[in-house]
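Trainee: give me coordinates for this.
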Amino acid sequence: MGVAFLCLLENTMKTSIVNVVATASLGQEFDLYDLKRFAPEVLYDSNTYGGRVAYLKAKGMEGRVSLFHSGKMISVGTKSEKKPLWN
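Mentor: You can find the predicted model right below:
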């Protein structure tokens, strides 16, 4: 691409954040089935990915959190790192 085209593209392009992804680790494994029993907001199906992942999607949450039996978590679907998961 020519320099003139890139300058034109840069001046006319609008950007916006549509999805923020964050990761965390609890540092220990946990039982997703037990988590589901005590937290009704957790969606867990032992047939999904061999029972190694559950999802947290509660009312008022902008995104969702994938919870892994390893203790790792991935949050997706929010539009800002400053916006809380619950309103």
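Trainee: so what's residue 30 up against?
Mentor: Contact criterion Cβ atoms under 8 Å, 6 or more residues apart in numbering gives 69, 71 as the residues in contact with residue 30. The C-beta positions use only the backbone N, C-alpha and C, and glycine is treated the same way.
Trainee: I'd assumed it was in a strand, is it?
Mentor: No. Read with DSSP: H, G, I helix; E, B strand; the rest coil, residue 30 is coil and lies in no strand.
Trainee: let me see the backbone angles for it.
Mentor: Main-chain dihedrals, residue 30, degrees, to the nearest 10: phi -150, psi 160.
Trainee: how close does it sit to residue 44?
Mentor: For residue 30, the distance to residue 44 equals 12 Å [Cβ to Cβ, to the nearest Å].
Trainee: what do you get for residue 14?
Mentor: 40 Å.
Trainee: out of the two, which sits in the more crowded spot?
Mentor: Each of residue 14 and residue 44 has its neighbours counted (other Cβ atoms under 10 Å); residue 44 has more, 18 against 4.
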